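Next one to model:
(one chain, ligands or ions: 1)
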Amino acid sequence: MNVIAKELNALISQANPHIMEMLSDMGKALFFPKGILSQSAEAKAKAHKINATIGIAKQGGSVMNLPAVTRYVSGIEPAEYLPYAPSFGLPGLREKWKKDLFEKNPSLKGTHISLPVVTSGITHGVSVFSDMWIDPGDVIILPDMMWGNYNMTFTVRNRAKIVHFRAYDEALTRFDLDDFESVIRAQAKNNDKIITVLNFPHNPSGYSLNRKEADRVANILLDIAQSGTHVVAACDDAYFGLFFDEETSKESLFAKLAGRHERLVAIKLDGATKEDYVWGLRVGFITYGMAADPADMDDLHQALEKKTAGCIRGNISNASHLGQTILLKAMADPAYHAQKQEKFSLLKQRATRIKGVLADPAYRSGFDVYPFNSGYFMCIRLKDVDAEQLRLHLLDRYGVGLIAIGDRNIRVAFSCLEETDVKTLFDIIMQGITDLRST
Ligand SMILES: Cc1ncc(COP(=O)(O)O)c(C=O)c1O
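Coordinates of the predicted model:
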């Protein structure tokens with residue numbers, strides 16, 4: 001093992017030896033190299049006469065550039081987006097995202113959390129999480145309705161074994177935390193380490209836990225950790241903030257898990273993608289919340305941040321500098337919060353309109369509605385027609401595009417559905433069901 005990795009591991013073991021046991025083999029071996037990057041950083045600070053270290057091109061003291069490129073970016077200097085960003089992410093953006101995490105999750109107050117490390121979107125954050133904490137054959141507990149890409153990352157790339165709990169009870173009255181609890185407790189009996197991803201607002205159903213449910217999830221995981229099993233809990237907060245109901249818990253589960261127990265690692269995976277409507281900018285974050293003696297906390301955080309940045313360095317090297325600069329500037333804009341609020345209200349109105357339209361009993365013969373109260377999506381469960389057949393039929397006959405999930409579920413992205421089209425959409429779905437029934 002590389003000597004720097006050994007040094008980082010020693011710091012982690014000193015702060016909390018359970019964390020060393022929870023890291024994957026790759027996580028244990030990861031380190032941030034002291035090669036070109038750190039020599040360049042030293043030169044940046046001290047080489048005032050000539051700095052011939054960095055892997056970019058310069059001309060006349062400025063970043064070399066093609067006007068054919070830079071003419072498309074106004075309001076940002078080439079030096080702010082053309083050179084590489086650090087593998088850790090822009091320091092100012094990391095600090096700002098961390099500060100905002102405390103504002104968005106007031107109950108984090110007083111909890112030590114790491115500085116967020118920037119990823120190339122949340123998918124990349126999920127993948128880095130998987131590399132660092134999951135070994136082939138490890139069990140990861142996920143709902144049976146889930147973002148499909150988890151399968152690619154956890155199973156195909158990292159060869160984990162997904163064990164599902166039932167996301168909803170048969171009557172679709174609630175997120176099935178009874179099944180979550182029984183599956184996770186059964187797995188905790190058979191494994192030294194359990195891994196789960198908590199994704200609320202949920203893709204595809206659009207559900208977020210209420211306060212009581214959120215407390216229950218946190219208490220189950222805490223109890224498992226207290227009983228001697230290691231718990232690695234990632235919170236995929238891709239749709240964070242889009243909570244439309246009064247009783248919904250408005251904070252990340254991360255705030256309830258971070259720093260709670262030595263055997264529990266909480267990892268927040270979030271980003272600007274959906275929160276700030278910048279899907280293509282590719283800016284995500286990984287943040288750690290762990291328990292350790294306060295005196296060791298900085299060492300522990302820095303060691304994990306370095307391993308995370310090492311994982312990024314060996315994969316994509318660093319995330320888009322342009323994306324990070326735009327986000328950092330946007331977050332400092334005095335109009336930023338008001339603009340976000342305006343878009344939030346728009347999405348909430350659409351969700352409310354869907355609920356209003358679907359209150360009409362006329363739809364009940366065709367489908368049931370999964371509980372939803374947040375995010376971008378909602379789902380329906382078809383009574384008796386095949387989801388893929390209906391999807392194709394709606395596309396071919398009516399020019400309506402929806403996502404089929406499994407045999408019975410259809411996902412509607414109200415994030416891209418105008419309020420005025422809501423009734424039309426569900427009427428067409430009903431018509432499609434009637435068409436298929438009569439064939
Ligand atoms: C639950 C969930 N996590 C992560 C992502 C990925 O986000 P990003 O586009 O930032 O990679 C998505 C996007 O669809 C998602 O639904």
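
mind checking the end-to-end distance for stretch 51-71?
Counting by CA to CA, to the nearest Å, you get 27 Å between the two ends of stretch 51-71.

List the buried residues in it.
54, 63, 65 (16 or more other CB atoms under 10 Å). C-beta coordinates here come from the backbone N, C-alpha and C atoms, glycine included.

Near the closest residue to the last one other than its chain neighbours, how many other residues are there?
What it means is Asn65. Nearest-residue entry for Asn65: Pro78, 4.7 Å, with adjacent residues in sequence omitted and distances by CB to CB, 6 or more residues apart in numbering. By the criterion of other CB atoms under 10 Å, Pro78 has 16 neighbours.

mind listing what Pro78 touches?
Contact partners of Pro78, counting by CB atoms under 8 Å, 6 or more residues apart in numbering, are 62-63, 65, 70.

Ile12: neighbour count?
Each residue near Ile12 was counted by other CB under 10 Å, and the total is 25.

How much space separates it from the ligand?
Going from Ile12 to the ligand by CB to the nearest ligand atom, to the nearest Å gives 27 Å.

Next up, phi/psi of that residue, please.
phi -70, psi -50 (degrees, to the nearest 10).

Report the beta-bridge partner residues of the most centrally placed residue in the chain.
The residue lying closest to the centre of the chain (CA atoms, centre = their mean) is Asp236, at 3.3 Å. When bridges are assigned using DSSP bridges, the partners listed for Asp236 are Leu269.

Tell me the secondary structure of His164, please.
Using DSSP: H, G, I helix; E, B strand; the rest coil as the criterion, the local structure at His164 reads strand.

List the contacts of it.
Contact criterion CB under 8 Å, 6+ apart gives 141-144, 183 as the residues in contact with His164.

Give me the pLDDT value at it.
For His164, the pLDDT comes out at 98.

related to what we said a few turns ago, from the ligand, how far out is the residue nearest to Asn65?
Between Pro78 and the ligand the distance is 26 Å, computed by CB to the nearest ligand atom.

Write out the residues of the chain neighbouring the ligand.
121-123, 147, 199, 203, 236, 238, 271, 273, 279, 284 (CB under 6 Å from any ligand atom).

circling back to that earlier point, touching, the residue nearest to the centre of the chain and His202? I think so.
No: proximity of Asp236 to His202 does not meet the contact threshold set by CB atoms under 8 Å, at 9.3 Å.

Now the element after the helix or strand where Thr325 lies, going C-ward?
For Thr325, the element it lies in under DSSP states H and E is helix 321-332. Moving toward the C-terminus from helix 321-332, the first helix or strand encountered (DSSP H and E) is helix 336-358.

Name the strands paired with the helix or strand following that following helix and say parallel or antiparallel.
Of the helices and strands lying after helix 336-358 in sequence (DSSP H and E), the nearest is strand 367-369. As defined by DSSP bridges, the strand partners of strand 367-369 come to strand 377-382 (antiparallel).

Lys58 pairs with what?
Residues in beta-bridge contact with Lys58 (DSSP bridges): Val63.

before we move on, the earlier item: now the contacts of Pro78 in JSON lines, with pLDDT?
Shown next, in JSON lines, are those (pLDDT from 0 to 100):
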{"residue": "Ser62", "pLDDT": "91"}
{"residue": "Val63", "pLDDT": "95"}
{"residue": "Asn65", "pLDDT": "97"}
{"residue": "Thr70", "pLDDT": "97"}
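
Which of these sits closest to Gly375?
Of all the contacts of Pro78, the one with the least separation from Gly375 (CB to CB) is Thr70, at 37.0 Å.

Tell me the spacing between that closest one and Ser227.
Distance from Thr70 to Ser227, counting by CB to CB, to the nearest Å: 58 Å.

again, but for Cys379
For Cys379, the distance to Ser227 under the criterion CB to CB works out to 34 Å.

If you count surrounding residues, which of those two has more?
Ranked by neighbour count (other CB under 10 Å), Cys379 and Ser227 place Cys379 first, with 27 against 12.

residues in contact with the closest residue to the ligand within the stretch 251-400 of the chain?
Of all residues in the stretch 251-400 of the chain, Thr273 sits closest to the ligand, at 3.3 Å by CB to the nearest ligand atom. Contact criterion CB under 8 Å, 6+ apart gives 121-122, 238, 279, 281-284 as the residues in contact with Thr273.

Is it possible to get a markdown table of those residues that adds secondary structure?
Listed next are those as a markdown table, based on three-state DSSP:
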| residue | secondary structure |
| --- | --- |
| Gly121 | helix |
| Ile122 | helix |
| Ala238 | coil |
| Trp279 | helix |
| Leu281 | helix |
| Arg282 | coil |
| Val283 | coil |
| Gly284 | strand |
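
re earlier: of the residues of the chain next to the ligand, select the buried ones using a ChimeraX command.
With 16+ other CB under 10 Å as the criterion, this ChimeraX line picks the buried residues out of the residues of the chain next to the ligand:
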select :121,122,123,147,199,203,236,238,271,273,284
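
Go through the residues of the chain next to the ligand and name the one nearest Ala41.
Comparing these against Ala41 with CB to CB places Gly284 closest, at 23.2 Å.

From Ser127, how far out is that closest one?
Shown here: Gly284 relative to Ser127, a distance of 10 Å by CB to CB.

again with Met378
Counting by CB to CB, the gap from Met378 to Ser127 is 27 Å.

next one: Ser374
Between Ser374 and Ser127 the computed distance is 25 Å (CB to CB).

higher neighbour count, the two?
Under the neighbour definition other CB under 10 Å, Ser374 and Ser127 were set side by side, and Ser374 has more, 27 against 24.

So that one sits against Ser208, correct?
Yes: using CB under 8 Å, Ser374 and Ser208 qualify as a contacting pair, with a distance of 4.0 Å.

what is in contact with the two at once?
When contacts are counted by CB under 8 Å, 6+ apart, Ser374 and Ser208 have 200-202, 243, 245, 248 as shared neighbours.
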